[in-house]
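Sequence and predicted structure below; questions after.
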Amino acid sequence: MTNKINVSIVGGAGYTAGELLRILIHHPMVNISSVYSTSNAGNPVTKVHDDLFGETDIVFSDKIDENADVVFLCLGHGKSAEFLQNNKYSVNTKIIDLSNDFRLNANHIFEDRTFVYGLPELDREGIKKAKNIANPGCFATAIQLAVLPLAATNKIKNDLHINAVTGSTGAGQSLSASTHFSWRNNNVSFYKEFTHQHEGEIYQTLNQLEKDFNNKVYFLPMRGDFARGILAGVYLKTDLTEEEAKNIFKEYYKNEPFTFVLDEPIALKQVVNTNKCFLHVQKQDDVLLITSIIDNLTKGASGQAVENMNLMFGWEENLGLNLKTVAF
């Protein structure tokens, strides 16, 4: 292999940055040149990400690495564009943004940078050629992987209904009433009913794949009383038989390194701490149900970001991502 690349993480104190560090410190082609956090500058990374004790001696910095080969932006939504306005990188620096700032078509071009939507199962070849990536949202990833095969074969002829639950890490590290342990524990609730920001990404992909798509997406997100992971149930009316639907999914994903269609029912623990998506397809009467499970911090964020980096540099897609869950 060639020399290692220099990677910088911006917004280094958050959950997605911690997950990136967990993956990248063991990536064979990566040297982490800086972890940017103005509020933690001078402190060891392990003061915030204490699961990394014994793994790294990196210290937070308040200076950007303007010549880094890759910069991962782990900033709050709306903050990435502002950061790039105020901090300039080399024209050769590749940027992978984990916020929602550049995901939609209207925002793909920012100043002199064009961002490609980074869902490998949708546009692997585009990602390979890209210099800048807009990493998909966590809910958007789980839901799109549940519908890509149907949209790609022009099989969505009715409204999509989605019921999905996410762990508390999906809300980020900032405390709020609904992330407080006393509120979240032994509790579950809907939020942003039919108005979640990830709906825009889902509609964008459906319209890209199925040109005459004019149905509605009814999305009910839920807060779960667990830390990490997403379980999404996507259902719609269809004339497809269960066997036909399963064949469509298995054909679409037959060569994917991280997305798998299982014959048996699936449960969240199967994918937590991994970059995998598991799907299960079943039919009752005229309704097809696709269950999708991912880890919101890995396949839904940092793992997929590393997957995109691997594609951009022409490496094996699963390099540094051979992660295993804990079954019990």
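Done, it's in.

Can you give me the buried ones in the worst-scoring helix or strand of the chain on mean pLDDT?
One helix or strand of the chain scores below all others by mean pLDDT, DSSP states H and E: helix 181-184, with a mean of 75. For helix 181-184, a neighbour-count test (16 or more other CB atoms under 10 Å) marks residue 184 as buried. The C-beta positions use only the backbone N, C-alpha and C, and glycine is treated the same way.

Point out the other helices and strands that it packs with.
If you count contacts as 3 or more CB pairs under 8 Å, 6 or more residues apart in numbering; DSSP states H and E, helix 181-184 packs onto no helix or strand.

which residues of this protein score low on pLDDT?
Applying pLDDT under 70 to the chain flags the ranges 1-2, 170-180.

Mind doing that once more with 90?
1-3, 76-78, 105-107, 111, 168-186, 191-192, 196-197, 211-212, 227, 326-328 (pLDDT under 90).

So it: which segments form each domain?
Domain ranges of the chain: 5-135+301-313, 138-294, per the TED database.

Which of those domains sits closest to residue 328?
With CB to CB as the measure, domain 138-294 is the member of the domains of the chain nearest residue 328 (8.3 Å).

What residues of stretch 248-268 count as buried?
Within stretch 248-268, the residues scored as buried using 16+ other CB under 10 Å are 248, 249, 252, 253, 256, 257, 258, 259, 260, 261, 266, 268.

What residues does residue 144 make contact with?
Contact analysis of residue 144 by CB atoms under 8 Å, 6 or more residues apart in numbering lists 119, 121, 122, 136, 201, 202, 205.

In a helix, it, correct?
Yes: counting by DSSP: H, G, I helix; E, B strand; the rest coil, residue 144 is part of a helix.

what's the spacing between it and residue 213?
Going from residue 144 to residue 213 by CB to CB, to the nearest Å gives 13 Å.

now do residue 135
Taking CB to CB as the measure, residue 135 falls 24 Å from residue 213.

quick one: which of the two has more around it?
The neighbour comparison of residue 135 against residue 213 (other CB atoms under 10 Å) goes to residue 135, with 29 against 17.

That one reaches residue 95, doesn't it?
No: counting by CB atoms under 8 Å, residue 135 sits too far from residue 95 to count as a contact (10.4 Å).

End to end on stretch 147-161, go ahead and measure it.
End-to-end distance for stretch 147-161, by CA to CA, to the nearest Å: 11 Å.

what number of residues lie near the spatially closest residue to residue 36 that is not a sequence neighbour?
Once flanking residues are discounted, residue 36 sits nearest to residue 10: 4.5 Å by CB to CB, 6 or more residues apart in numbering. Using other CB under 10 Å, residue 10 has 25 neighbouring residues.

likewise residue 56?
Residue 56: 18 neighbours (other CB under 10 Å).

For residue 6, see how far away the residue nearest to it when sequence neighbours are not counted is.
Counting by CB to CB, 6+ apart, residue 25 is the residue found nearest to residue 56 once chain neighbours are left out, at 5.1 Å. Separation of residue 25 from residue 6 (CB to CB) stands at 14 Å.
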